[in-house]
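> one predicted model, sequence on top.
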Amino acid sequence: MPNLKDLKNRIASVKSTRKITKAMQMVAAAKLRRAQDAAEAARPYAERFNAVMGGLAASAAGSPSAPKLLSGTGSDQTHLLVVMTAERGLCGGFNGNIAKLARQKANELLAAGKTVKILTVGKKGRDAIKREFGDHFVGHVDLTEVKRVGYADAQGIAKDVLGRFDTGEFDVATLFFARFENVVTQHPTARQVIPATFEETEGESTLYDYEPSEEAILADLLPRGVATQVFTALLENAASEQGARMSAMDNATRNAGEMIDKLTIEFNRSRQAVITNELIEIISGAEAL
Amino acid sequence: MANLQFDLVSPERRLASVEATEVQIPGADGDMTAMANHAPTITTLRPGVLRVIHSGGTDEYVVVGGFAEITADSVSVLAESALPRDEVTQEVYDSMIAEAKAAHDNAKEVFKNEPGPVDDAAKLISDMVAVGGHIGLTANN
């Protein structure tokens, strides 16, 4: 049986751990609200953008002069996987799930004889991916210094990706991130951004006049579309990260509480045992006289 | 007189959503004014000043990049970056100019033998300088 002092120390240490996890949970809750607000604020732009692009893309898709960003390079030999994760850990399975999905996809592509290149955003994903796919690793975007993701960050990433596309480094680009469902559920998601895909728009489409011309607008908007997609993914990811951290820390706090209860019972039992022991000694001593 | 629904959104937030009588848009091919029953049009934007005239007065925004979608009863402007005119101080304006210049230098580096992107970047600078003229700020080099 562990002695009383050890037990007391352990209870104290678990208690301070609980304090920390509780604080982290509350910080995550506050950050989550902010991240959700940001995601909310960005939604109208992304929705409108995709609606307009959907209409434009549908009419241009058939023509042979369609931009490469839309129609693709004509092959799908080289894939670029953009894996977006968090900069920090302690958020449950969040980083692991995204990395797992990316790994799965990478292995699938490799098995099919494709070339895979991997670009990571976020330190945790880099660490997880680099171990296994070190040879396929082409770059990393560091957002450690960024407190709140802004559109400029997304533009930077998009520029990097587009630059690689222009030099013919890859044919297909896919983003990996976690879609925010609610605080307890985040879905790791893969979304293809190059060649661009758009959801079918419903309802009758209006016939628009285009200025300067349909092609010029499409050529101007497609690169912006990539940035918009990246931005949406970054925001979803930020909200998901905080949600995952919040529920992970909630669990940790509860576990710590249970552990404290258990240790306290054990501590009380041992103390009682010690007292009983002493009493027996005294009584048997008295009887012996 | 019929009004139209005006929305101005940037990737980060929705800046305005009002009933307007008239919207002046800095289109890539020249300024245009949209009023109710305008023919459905999509145009890209050049850096410029967007003016919204509504029952409560006139609002002005400095927009850079993006596009506008005009229908018979609504105008939606999706600007890559948009600021209310009051928020564009000399400081903000300077950094916008500096950014445009950096993009120009970068384009000169990358596309040495292709005039297209370099000219585009040069046009961006001149557009930005023109914006300054409209809102009473000067570009200092």
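Good, I have the coordinates.
> give me the element the nearest residue to B:Arg85 once chain neighbours are set aside is part of.
Here the nearest residue to B:Arg85 in space, its sequence neighbours aside, is B:Glu60; by CB to CB, 6 or more residues apart in numbering or on different chains that works out to 4.1 Å. Placement of C-beta: from N, CA and C, glycine included. B:Glu60 belongs to strand B:57-70 when assigned by DSSP states H and E.
> return the list of strands paired to that strand, each annotated with direction.
With DSSP bridges as the criterion, the sheet partners recorded for strand B:57-70 are strand B:41-44 (antiparallel), strand B:48-54 (antiparallel), strand B:74-84 (antiparallel).
> state the distance from A:Leu222 to A:Arg179.
If you measure A:Leu222 against A:Arg179 using CB to CB, to the nearest Å, the figure is 23 Å.
> where does the prediction get shaky in chain A?
Flagging of chain A using pLDDT under 70 yields the residue ranges A:1-2, A:61-65, A:199-206.
> for it, what lies in contact range of chain B?
Contact residues, chain A versus chain B (CB under 8 Å from any CB of the partner chain): A:38, A:41-42, A:44-46, A:48-49, A:52, A:56, A:150-151, A:154, A:206-212, A:216-217, A:220-221, A:224, A:227-228, A:231.
> can you tell me which residues contact the residue nearest to B:Ile53 when sequence neighbours are not counted?
Computed as CB to CB, 6+ apart, the closest residue to B:Ile53 that is not its neighbour in sequence is B:Glu22, at 4.3 Å. By CB atoms under 8 Å, 6 or more residues apart in numbering or on different chains, the residues touching B:Glu22 are B:Thr33, B:Ala34, B:Met35, B:Val52, B:Ile53.
> tell me which residues of the helix or strand hosting B:Glu22 come out buried.
Element membership for B:Glu22 (DSSP H and E) is strand B:14-27. Of all the residues in strand B:14-27, those buried under the rule 16 or more other CB atoms under 10 Å in any protein chain shown are B:Leu15, B:Ala16, B:Val18, B:Ala20, B:Glu22, B:Val23, B:Gln24, B:Ile25, B:Pro26, B:Gly27.
> can you name the next helix or strand after it?
The element immediately downstream of strand B:14-27 (helix or strand, assigned by DSSP H and E) is strand B:30-35.
> kindly point out the strands partnered with that following strand and how each is oriented relative to it.
Under the criterion DSSP bridges, strand B:30-35 sits next to strand B:14-27 (antiparallel) in its sheet.
> how far off centre is the strand it pairs with?
A distance of 11 Å separates the centroid of the chain from that of strand B:14-27, by CA atoms, centre = their mean, to the nearest Å.
> now swap in stretch A:149-162 and tell me
Centroid separation for stretch A:149-162 versus its chain: 17 Å, with CA atoms, centre = their mean.
> tell me, how many residues neighbour A:Phe165?
22 (other CB atoms under 10 Å in any protein chain shown).
> rounded mean pLDDT for the strand holding B:Glu22, please.
Confidence over strand B:14-27, taken as the mean pLDDT, stands at 90.
> centre of the chain to the strand holding B:Glu60, how far?
Going by CA atoms, centre = their mean, the spacing between the C-alpha centre of strand B:57-70 and its chain's C-alpha centre is 5 Å.
> buried sites along that strand?
Neighbour count says strand B:57-70 has B:Asp59, B:Tyr61, B:Val62, B:Val63, B:Val64, B:Gly65, B:Gly66, B:Phe67, B:Ala68, B:Glu69, B:Ile70 buried, by 16+ other CB under 10 Å.
> can you tell me the average pLDDT over it?
Across strand B:57-70, pLDDT averages out at 88.
> angle of the helix or strand of chain B with the lowest mean pLDDT against strand B:14-27?
For chain B, the helix or strand with the lowest mean confidence is helix B:115-135, at a mean of 73 (criterion: mean pLDDT, DSSP states H and E). Relative orientation of helix B:115-135 with respect to strand B:14-27: 110 degrees, computed using axes from the mean of the first three to the mean of the last three CA atoms, to 10 degrees.
> what's helix B:115-135 packed up against?
Judged by 3 or more CB pairs under 8 Å, 6 or more residues apart in numbering or on different chains; DSSP states H and E, helix B:115-135 is in contact with strand B:48-54, strand B:57-70, helix B:90-110.
> next, the angle helix B:90-110 makes with it.
Direction vectors for helix B:115-135 and helix B:90-110, defined by the same axes, to 10 degrees, enclose an angle of 170 degrees.
> pull the longest helix from chain A.
Scanning chain A for the helix with the most residues, using DSSP state H, yields helix A:214-288.
> surely B:His38 meets B:Ala72?
Yes: at 6.5 Å, B:His38 counts as touching B:Ala72 under the criterion of CB atoms under 8 Å.
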